[in-house]
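Undergrad: here is a sequence with its predicted model. Questions after.
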Amino acid sequence: MAGLGKVKSVAVYGIEAYVLETEVYVAKAQLPSTVVIGLPDAAVKECRDRVKAALKNSGYKFPYKNITINLAPADRKKEGPSFELSIAMGLLIASDQIVTEKINEYGIVGELALDGRVRTVNGCLSMAIQCKEAGLKGLVLPADNAPEAAVVDGIEIIPVKTLSDTVRFLTNELVISPFPLNRSDVFSDSSCYDIDFMDVKGQEHVKRALIVAAAGNHNVLMIGPPGSGKTMLTQRLPTIMPMLTLAEAIDTTAIYSSAGLLGQGNSLIATRPFRNPHHTISTAGLVGGGSFPRPGEISLAHHGVLFLDELPEFNRKTLEVLRQPLETSEITISRAMSSVMFPAEIMLVGAMNPCPCGYHTDPKKDCHCSPRQIQNYISKISGPLLDRIDIHVEVPNVQYKELMSDVACESSEEIRSCPIQKSGS
């Protein structure tokens, strides 16, 4: 007898999710075979062996018949192991091993281990948002991914640890309560920074420039010799920017979730991101890309700060791709068959030395660079890019007297609540 099982799953392309239907058809055949169709990548094709082992080790039978697995819509490429749990459920339904009426109410995602455990997948926050928009009752997903997905209100997030738990839940043999999460408490607890502006002594005019930049979301270029504190100041810039709203936090978290950078058990990124890529970064690493587009450093800094230290050392062509995102706050990655848009609302902060040796403006150290060398060094940054940087500020070395001073410095909270910040935010 032939059997057909249909299970709803969710896939992510870029940072956006879409509902996907996993169709499993089982029919008699003299030579058993399993075929996965619907533009799967290598990781999806490998799911056949993992699903087979997981079913057997969970106490179920793998049907040795002619099996066709279709991931619809068939015209969109599929990647990753997140469909394995839904494929396993489809096999059980198509082979008449289980009967469930709840299967159409939930999206099902998860990678299967050989022993039947359910492993984490990327992009669960975007998946939960899409399930809610599609009108599904809930999302069944790995237990470790539940905290991030539960940020979405109005949808049940069902955490499962094994394939057996999933089957028993969908057949009403096991009650699994939706993952509880108080968004307000999590947002409040995650809104604290580990560093503070009160750690910085001296550089009052630079602090003033950064306060103005934070208030008006202006891009900044800091020029000064090595050791003058450019990196330390920039690292603390997010702490004086207006606090993230809940909607902004969810947007930022969705990007990190899709990129697999959220971290196990984390629910929200409620502090402004700070990204500091090395100057050897490629263009794709900065803007995003790949056969299955991934967000780059520009998008990972969304609602936060992108810090480019040693700015002239970056590849000039790589720097030029910053022009459009700085104007439009988004970047579009185009491919032959499709395109994907990544958000890029960032504050760009560049830091550079005044000359190749770094000591052109230092009164205590001699600079041995010729005027031509200095000009060539500065000209590595194009005029159109410099035009998009509103504030240029010199950062001199701090005097020993200022470093040893006992005068208390303003904290980030005090700076953030000053009048210029209130009016700017």
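TA: Structure received.

Undergrad: residue contacts, the nearest residue to residue 380 once chain neighbours are set aside?
TA: Nearest non-adjacent residue to residue 380, counting by Cβ to Cβ, 6 or more residues apart in numbering: residue 312, 4.0 Å away. All C-beta atoms are positioned from the backbone trio N, CA, C, and that covers glycine. Residues in contact with residue 312 (Cβ atoms under 8 Å, 6 or more residues apart in numbering) are 352, 377-378, 380-381.

Undergrad: of these, buried ones?
TA: The neighbour count (16 or more other Cβ atoms under 10 Å) marks 352, 377-378, 381 as buried among the contacts of residue 312.

Undergrad: so residue 352 makes contact with residue 226?
TA: No. If you go by Cβ atoms under 8 Å, residue 352 and residue 226 don't touch, sitting 10.8 Å apart.

Undergrad: adding secondary structure and distance to residue 57, write the buried ones among the contacts of residue 312 out as JSON lines.
TA: Formatted as JSON lines, the buried ones among the contacts of residue 312 follow (DSSP: H, G, I helix; E, B strand; the rest coil; distance: Cβ to Cβ, whole Å):
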{"residue": "352", "secondary structure": "strand", "distance to residue 57": "57"}
{"residue": "377", "secondary structure": "helix", "distance to residue 57": "62"}
{"residue": "378", "secondary structure": "helix", "distance to residue 57": "64"}
{"residue": "381", "secondary structure": "coil", "distance to residue 57": "58"}
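
Undergrad: farthest-separated two in the residues you listed?
TA: 377 and 381 (9.3 Å; Cβ to Cβ).

Undergrad: dump the residue contacts of residue 275.
TA: With Cβ under 8 Å, 6+ apart, residue 275 has these contacts: 297, 300-301, 304-307.

Undergrad: as TSV, these with neighbour count would be great.
TA: Listed next are the contacts of residue 275 as TSV, based on neighbours: other Cβ atoms under 10 Å:
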residue	neighbour count
297	20
300	23
301	26
304	22
305	23
306	26
307	25
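
Undergrad: any stretches of this structure with poor pLDDT?
TA: Per-residue confidence for the chain (pLDDT under 70) gives these ranges: 1, 336-337, 400, 403, 408, 419-425.

Undergrad: and with 80 instead?
TA: Along the chain, segments meeting pLDDT under 80 span 1-2, 29-30, 264-265, 291, 335-338, 399-408, 418-425.

Undergrad: please report how far the most centrally placed residue in the chain lies from residue 34.
TA: Nearest residue to the geometric centre of the chain (Cα atoms, centre = their mean): residue 256, 1.6 Å. From residue 256 across to residue 34, the span is 35 Å (Cβ to Cβ, to the nearest Å).

Undergrad: again, but for residue 385
TA: Distance of residue 385 to residue 34, computed by Cβ to Cβ: 53 Å.

Undergrad: which element is residue 166 on?
TA: Per DSSP states H and E: residue 166 is located in helix 163-170.

Undergrad: likewise for residue 384?
TA: Counting by DSSP H and E, the element that carries residue 384 is helix 383-387.

Undergrad: so which elements touch that helix?
TA: In this structure, helix 383-387 makes packing contacts with helix 316-320, judged by 3 or more Cβ pairs under 8 Å, 6 or more residues apart in numbering; DSSP states H and E.

Undergrad: could you point out the helix or strand that follows the helix it packs on?
TA: Criterion used, DSSP H and E; the element after helix 316-320 is helix 323-328.

Undergrad: can you show me the helices along the stretch 301-425 of the chain?
TA: Using DSSP state H, counting those that start in this stretch, the helices of the stretch 301-425 of the chain run over 316-320, 323-328, 371-378, 383-387, 400-403, 412-416, 419-424.

Undergrad: would you turn the ones you listed into a markdown table with distance to residue 148?
TA: What follows is these, written out as a markdown table (distance: least, Cβ to Cβ, whole Å):
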| stretch | distance to residue 148 |
| --- | --- |
| helix 316-320 | 31 |
| helix 323-328 | 26 |
| helix 371-378 | 44 |
| helix 383-387 | 35 |
| helix 400-403 | 42 |
| helix 412-416 | 27 |
| helix 419-424 | 30 |
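
Undergrad: can you say which of those is packed in most?
TA: Comparing the helices of the stretch 301-425 of the chain by mean neighbour count (mean count of other Cβ atoms under 10 Å), helix 412-416 ranks first with a mean of 18.

Undergrad: and the contacts of that helix?
TA: With contact meaning Cβ under 8 Å, 6+ apart, helix 412-416 is reached by 193, 196-198, 207, 211, 236, 239-243, 421.

Undergrad: how far off centre is it?
TA: Computed by Cα atoms, centre = their mean, to the nearest Å, the chain-centroid distance of helix 412-416 equals 27 Å.

Undergrad: and if you look at stretch 342-359?
TA: In terms of Cα atoms, centre = their mean, the centre of stretch 342-359 is set 22 Å apart from its chain centre.

Undergrad: can you give me the end-to-end span of that stretch?
TA: For stretch 342-359, the first-to-last residue distance is 39 Å (Cα to Cα, to the nearest Å).

Undergrad: do stretch 125-142 as well
TA: End-to-end distance for stretch 125-142, by Cα to Cα: 12 Å.

Undergrad: repeat that for stretch 328-346.
TA: This stretch, stretch 328-346, spans 10 Å end to end (Cα to Cα).

Undergrad: show me how far it is from its chain's centre.
TA: Offset of stretch 328-346 from its chain centre (Cα atoms, centre = their mean): 14 Å.

Undergrad: contacts for it, please.
TA: Outside stretch 328-346, the residues touching it (Cβ under 8 Å, 6+ apart) are 13-16, 76, 251, 255, 287-289, 291, 293, 295-296, 298-299, 301-306, 324-326.
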